Each structure stands twice: as structure tokens, then as C-alpha cells.
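K.L.:
Fold the following for me, if possible:
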Amino acid sequence: MQWTTFYQTGWFQWVVLPILIILARICDVTLGTMRIVFLSRGRRSIAPILGFIEVLIWLLAISQIMRNLSNPITYLAYATGFASGNYIGLWLEEKLAIGMVAVRVFLKKDSELLVQKLQDAGFGVTRLSGMGTQGAVDIIYTLIQRRSLSQVIDLIHQVNPKTFFAVEEIRSASQGVFPVRRSLELDYFGLIRHK
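P.N.:
Residues are numbered from 1 along each chain as shown. Predicted coordinates for the structure are as follows:
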């Protein structure tokens with residue numbers, strides 16, 4: 001009986017309910033963004049699970065709005081949660097760095113140095129000769145895990161900070177040379193160590 005009374009108070013209707021709607025929309029839109037990312041990266045087994053949870057949360061949020069149509073704050077909460085969920089979903093996707101990218105580097109000189117630095121770091125490298133608008137160039141091509149992109153860009157900038165390079169998403173790759181990622185495990189005290 002006390003809960004029913006609380007749900008009918010102005011405090012719940014104008015403060016608590018809008019906050020709950022914002023949180024629900026942040027969760028379901030973030031899950032939706034991640035679902036699309038996983039689908040585009042070829043991880044189809046995770047997408048249905050995320051989709052199920054996303055729709056369930058959405059139904060809970062929209063049902064509260066339908067019950068409170070006279071409360072305009074719920075509409076603003078719904079829109080705020082949607083916008084925030086998009087932002088958080090994209091931020092999370094960037095932090096997870098899922099998938100692979102192809103990096104193409106165009107160099108007039110020092111290509112041998114860059115090839116050596118990339119190979120020393122464990123990356124597979126293909127070097128081609130090409131002709132650009134300003135003459136002969138070497139094209140360095142490597143496929144890497146997306147989480148290694150900043151490391152590769154640092155190596156490129158070490159050779160020449162003004163080097164032109166392009167990065168594009170790769171859906172899948174096999175049979176290449178990829179750095180072995182050291183796995184992490186927890187020891188008995190909960191500390192992380194490399195294996």
C-alpha cells in the first residue's frame with residue numbers, strides 16, 4: 001500500500017520516473033548501438049542477445065510513458081536518454097575497439113624503416129611500389145586489430161609525422177601475420193599479470 005501511494009506522489013511522477021526513463025533509454029540505446037557494431041563486425045552470435053535485452057528495456061520505458069501521457073517531463077526524459085545512449089554507445093564501441101582495420105601508408109622515402117618498425121612490433125606488412133601524382137611512392141599495407149591502431153599510428157609518426165595514411169574497416173581476415181596478444185589472468189591476490 002505504501003508503494004502505491006509513493007507512485008502517485010508528485011515526487012515520483014516529476015523526478016523519479018523521468019530519471020528511470022532516462023536510465024532505461026540510455027541502456028537500451030547503448031545496447032542497440034553495440035548490437036549494430038557487433039553485426040557489422042561479423043559477431044552475429046552476440047547480437048540477438050543484445051537485441052532481446054534492448055527491446056525488453058524499451059518496452060518497459062515506453063509503457064511508463066504511455067501510463068503517464070499527461071506528464072511532458074517523461075517525453076523530455078525519453079529524448080534525453082536516447083541522445084545520451086547514442087553518445088555512450090559510440091564511446092563504448094571506441095573503447096572496446098572491436099574488429100580489424102587496414103592501414104595503407106604512402107611514403108616517398110623511409111619505407112624500409114617503417115617496414116622494419118612494424119615487423120619488429122609483430123605486425124605483418126606488405127610493401128608495394130606505386131606512382132602518385134608527385135612521383136614514385138612505396139605503399140605499406142598492414143591489417144591489424146583495431147585496438148592496435150594507435151600503436152601503428154605512433155610508429156608511422158616516428159618515421160615521418162607528415163606521412164599520408166588511410167585507415168579502413170575490415171570485416172574479417174585470415175591466414176595473416178598478427179601480433180600475439182598476451183592474455184591476462186588474475187593471481188591469487190586479484191592482481192593482473194601477463195601470461
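K.L.:
same for the strand or helix carrying V37, what does it pack against?
P.N.:
Take DSSP states H and E as the rule and V37 turns out to sit in helix 17-40. Under the contact criterion of 3 or more C-beta pairs under 8 Å, 6 or more residues apart in numbering; DSSP states H and E, helix 17-40 touches helix 47-67, helix 72-96. Backbone N, C-alpha and C define where each C-beta goes, glycine included.
K.L.:
ok, M131 touching V137?
P.N.:
Yes - using C-beta atoms under 8 Å, M131 makes contact with V137 at a distance of 7.1 Å.
K.L.:
Compare neighbour counts for these two and give me the winner.
P.N.:
V137 (19 against 8; other C-beta atoms under 10 Å).
K.L.:
per-residue confidence averaged over the longest strand along the chain?
P.N.:
Once the chain is assigned using DSSP state E, the strand that runs over the most residues is strand 135-145. Mean pLDDT, strand 135-145: 91.
K.L.:
Quick check: what element follows that strand along the chain?
P.N.:
Later in the chain than strand 135-145, the nearest helix or strand by DSSP H and E is helix 149-159.
K.L.:
list the helices and strands that next one packs on?
P.N.:
With contacts taken as 3+ C-beta pairs under 8 Å, 6+ apart, helix 149-159 sits against strand 100-107, helix 111-120, strand 164-170.
K.L.:
how far is the last one from where the chain is centred?
P.N.:
When distances are taken as C-alpha atoms, centre = their mean, to the nearest Å, strand 164-170 is centred 16 Å away from the chain's centroid.
K.L.:
tilt between that strand and helix 149-159?
P.N.:
Calculated by axes from the mean of the first three to the mean of the last three C-alpha atoms, to 10 degrees, strand 164-170 forms an angle of 160 degrees with helix 149-159.
K.L.:
what residues does strand 164-170 touch?
P.N.:
Applying C-beta atoms under 8 Å, 6 or more residues apart in numbering, the contact partners of strand 164-170 are 40, 99-106, 143, 149, 153, 156.
K.L.:
what's the closest of the residues you listed to V15?
P.N.:
Of all the contacts of strand 164-170, V15 sits closest to S40, with 38.2 Å by C-beta to C-beta.
K.L.:
which residues does V137 contact?
P.N.:
V137 neighbours (C-beta under 8 Å, 6+ apart): F106, L107, K108, S129, G130, M131.
K.L.:
again, 6 Å this time
P.N.:
For V137, the contact set (C-beta atoms under 6 Å, 6 or more residues apart in numbering) comprises F106, K108, G130.
K.L.:
Over to G135?
P.N.:
Applying C-beta under 6 Å, 6+ apart, no residues qualify as near G135.
K.L.:
beta partners of it?
P.N.:
G132 (DSSP bridges).
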